[in-house]
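K.L.:
return atomic coordinates for the entry below.
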Amino acid sequence: CHKLGWAECGRNIQAKPAAPARRISRKNAVKVQAVASIANKNNAHLMTIDGVPTSDVQSASQLPSVNPTESVCRPKSGDSAWIREAILAIRADAHRSADTHLFKVPLPAFSKHGVDFYLKDESSHPTGSLKHRLARSLFMYGLVNHCIKQDTLLVEASSGSTAVSEAYFARKLGLRFTAVMASTVSEEKIKAIEFYGGRCHLVESTSMIYSEAERIAADGNGFFFNQFKNAERATDWRGNNNIAQTIFTQMERERFPEPAWVVVSAGTGGTSATIGR
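P.N.:
Presented below is the predicted three-dimensional model:
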């Protein structure tokens with residue numbers, strides 16, 4: 001309108017044919033209804049739904065009906081008490097755990113030239129895995145969203161580190177756990193998962209672990225953690241439950257609180273991505 005002038009703009013708008021009503025999926029129907037309800041209660045007008053003008057979307061009366069109980073993560077009768085106890089158990093375990101040490105490595109020849117070295121020792125976690133924090137967050141995410149229940153089969157696609165810690169928490173809650181991994185994973189990680197009562201399901205290549213994990217979870221009416229998809233939902237990289245935050249907090253009182261370099265071992269990329277952010 002700024003370019004055309006208000007009069008010309010108005011004529012163009014009036015001449016524009018009405019767009020056909022767009023159907024929205026059942027998945028989004030609950031969200032639309034909830035937002036519309038909030039708008040009505042606050043005497044507000046709902047302008048868009050996911051960027052689509054409400055004039056192009058069917059009215060609320062035409063929305064597909066949605067039964068909230070159809071959700072796979074909807075709790076059944078009796079689930080809430082167990083979920084509450086499981087959340088308390090996970091929180092208690094975290095409360096008992098101290099942060100892992102950040103060791104300053106004494107190298108005088110470098111220090112006198114203004115270069116200090118530090119080593120973050122993640123092996124002091126109960127499972128010895130640097131993905132222990134992530135596993136805890138994924139469990140909390142599954143519990144508070146009612147995806148993990150008393151009889152839920154838990155499944156993960158992993159290169160090993162996350163699965164070790166997930167097996168630890170699964171045993172703590174008395175749940176079955178299956179880790180889908182490539183056959184090239186180290187024997188040490190397989191033994192660690194089995195030590196905590198987990199089962200290892202090996203496939204030929206890493207490219208197969210995700211589809212196979214989805215299949216096992218679907219066949220067993222279980223919950224697929226899907227760490228690479230749900231990590232950012234389960235834990236905030238700006239919060240206090242990830243390796244990056246602990247490193248920078250522990251560095252605060254050092255002479256160089258912001259490290260010039262952070263060296264990370266090569267894996268799936270999760271740790272380096274978190275520190276990079």
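
K.L.:
who touches stretch 213-233?
P.N.:
Identification of contacts with stretch 213-233 by CB atoms under 8 Å, 6 or more residues apart in numbering yields 131, 134, 137-138, 141-142, 147-148, 152-158, 162, 166, 178, 180, 201, 210, 268, 270. Bear in mind the C-beta positions are built from the backbone N, C-alpha and C, glycine included.

K.L.:
helix or strand right after whichever helix in the chain runs longest?
P.N.:
Using DSSP state H to define each element, the chain has its longest helix at helix 79-96. Remark: after helix 79-96, the chain's next helix or strand is strand 102-105, criterion DSSP states H and E.

K.L.:
what pairs with that next one, parallel or antiparallel?
P.N.:
Its sheet considered, strand 102-105 pairs with strand 117-120 (antiparallel) by DSSP bridges.

K.L.:
kindly format the C-alpha coordinates of the partner strand as CSV.
P.N.:
The C-alpha trace of strand 117-120 is given here as CSV (Å, rounded to 0.1, in the frame of the first residue of the first chain):
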residue,chain,number,x,y,z
PHE,A,117,45.1,-25.9,29.4
TYR,A,118,42.0,-27.5,31.0
LEU,A,119,40.5,-30.9,30.9
LYS,A,120,36.8,-31.5,31.4
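
K.L.:
average pLDDT for that strand?
P.N.:
Strand 117-120 shows a mean pLDDT of 95.

K.L.:
list the buried residues for that strand?
P.N.:
118, 120 (16 or more other CB atoms under 10 Å).

K.L.:
and the contacts of that strand?
P.N.:
Contacts of strand 117-120 (CB under 8 Å, 6+ apart): 100-105, 107, 110, 243, 246-247, 251, 254, 259.

K.L.:
now the residues you listed in a markdown table, with pLDDT and neighbour count?
P.N.:
Listed next are the contacts of strand 117-120 as a markdown table, based on pLDDT from 0 to 100; neighbours: other CB atoms under 10 Å:
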| residue | pLDDT | neighbour count |
| --- | --- | --- |
| 100 | 90 | 19 |
| 101 | 93 | 13 |
| 102 | 94 | 15 |
| 103 | 95 | 11 |
| 104 | 95 | 11 |
| 105 | 95 | 10 |
| 107 | 95 | 11 |
| 110 | 94 | 12 |
| 243 | 85 | 21 |
| 246 | 89 | 17 |
| 247 | 92 | 17 |
| 251 | 95 | 17 |
| 254 | 95 | 13 |
| 259 | 92 | 15 |
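
K.L.:
how about the strands of the stretch 51-200 of the chain, start to end?
P.N.:
In the stretch 51-200 of the chain, the strands defined using DSSP state E, counting those that start in this stretch lie at 52-53, 102-105, 117-120, 154-157, 177-182, 199-203.

K.L.:
related to what we said a few turns ago, and which of the contacts of strand 117-120 is nearest residue 196?
P.N.:
Distance to residue 196, by CB to CB, is smallest for residue 100 among these, at 19.1 Å.

K.L.:
so the closest one is in contact with residue 246, correct?
P.N.:
Yes. At 7.1 Å, residue 100 counts as touching residue 246 under the criterion of CB atoms under 8 Å.

K.L.:
okay, buried residues for stretch 166-178 please.
P.N.:
166, 167, 168, 169, 170, 172, 173, 175, 176, 177, 178.

K.L.:
export these to CSV and tack on pLDDT?
P.N.:
Output for the buried residues of stretch 166-178, formatted as CSV (pLDDT from 0 to 100):
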residue, pLDDT
166, 96
167, 96
168, 96
169, 97
170, 97
172, 95
173, 96
175, 97
176, 96
177, 97
178, 97
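
K.L.:
how close does the closest residue in space to residue 141 that isn't next to it in sequence sit to residue 193?
P.N.:
Take residue 141 and drop its neighbours on the chain: the residue closest to it by CB to CB, 6 or more residues apart in numbering is residue 234, 3.8 Å away. To residue 193, residue 234 is 20 Å away according to CB to CB, to the nearest Å.

K.L.:
same deal with residue 87?
P.N.:
24 Å.

K.L.:
tell me how many other residues crowd residue 212.
P.N.:
18 (other CB atoms under 10 Å).

K.L.:
again but with residue 113, I slipped
P.N.:
7.

K.L.:
ok but residue 228 is inside a strand, no?
P.N.:
No. Counting by DSSP: H, G, I helix; E, B strand; the rest coil, residue 228 falls outside a strand, being helix.
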